[in-house]
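> From the sequence below, what's the structure:
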Amino acid sequence: MKKKELQIKLQELEGFESPKAELEQYRTPPDLASSVLWNIYLNGEIEGKEVYDLGCGTGTLGIGAKLLGAEEVVCVDIDKEAIDIARKNADKAGVEVKFKKTDVRDVEGEGDLVIQNPPFGSQKRGSDRPFLEKSLEIAPVVYSFHMSETDEFVREYVRSCGGKVVSSEELNFPLSKTMPWHEKEEENIRVRFYRLERS
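The predicted structure follows:
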């Protein structure tokens with residue numbers, strides 16, 4: 001699969017029908033998802049690997065990893081409606097993905113890689129912490145999106161979880177108007193995409 005094919009496949013996936021503010025349910029933009037997934041794929045970290053997508057939402061990152069040749073993908077979310085949409089999306093993309101409806105703290109298992117877009121902690125302070133903790137328990141390598149303004153906190157918290165930031169890249173994250181308080185049809189927010197490893 002080429003990068004453009006991946007992008008088209010991800011653009012065809014459904015988003016949230018009624019996004020929940022308290023869960024910060026924002027779909028990972030397909031263009032951005034295909035770009036970061038393609039780079040991870042080129043690093044040789046997806047094909048043939050067992051990949052977890054924590055807080056998977058509608059499944060964009062996990063389904064993308066499966067399309068790029070992951071041996072097994074486990075998508076986890078606490079919200080049943082999100083899991084239902086993600087299942088439909090996996091069927092639409094023609095891939096087999098495992099789904100678990102559970103709190104991220106209760107996830108059991110190990111994999112080669114975690115790719116996640118957790119809550120940023122905008123609605124509930126610290127809501128990204130369980131994702132950082134659990135991801136480093138599950139896999140030796142983690143890729144994770146976080147707000148740029150929380151960079152210092154992320155680095156310190158990763159260290160406290162027994163991990164280290166290997167690299168990070170600042171990116172534009174196009175946020176569509178999905179919540180009642182959003183004034184603009186689309187707004188770019190600055191995020192950092194981290195590559196983490198267990199120390």
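
> residues touching Ile85, list them.
Glu14, Gly15, Phe16, Glu17, Thr58, Gly59 (C-beta atoms under 8 Å, 6 or more residues apart in numbering). C-beta: built from backbone N, CA, C; applies to glycine.

> could you flag which of those residues are buried?
Gly15, Phe16, Thr58, Gly59 (16 or more other C-beta atoms under 10 Å).

> now for the contacts of Ile85, which pair is the farthest apart?
Greatest spacing in the contacts of Ile85, by C-beta to C-beta: Glu17 and Gly59 (13.9 Å).

> so what's the spatially most central residue of the chain closest to, chain neighbours aside?
Among the residues of the chain, the one closest to the centroid is Gln116, at 2.6 Å (C-alpha atoms, centre = their mean). Nearest residue to Gln116 in three dimensions, chain neighbours excluded: Leu54, at 4.5 Å (C-beta to C-beta, 6 or more residues apart in numbering).

> ok, now Cys56?
Cys56 sits nearest to Cys75 (C-beta to C-beta, 6+ apart), 3.7 Å away.

> doesn't Gly55 make contact with the one you found?
No: using C-beta atoms under 8 Å, Cys75 is not in contact with Gly55; the gap is 9.3 Å.

> the helices in this structure, which residues?
Taking DSSP state H as the test, the helices found in the chain are 3-11, 30-42, 60-67, 80-93, 129-138, 151-160.

> Leu175: which of those helices is closest?
Nearest of these (C-beta to C-beta): helix 30-42, 10.9 Å.

> That closest one relative to helix 3-11, how many degrees between them?
On the basis of axes from the mean of the first three to the mean of the last three C-alpha atoms, to 10 degrees, helix 30-42 is oriented at 130 degrees to helix 3-11.
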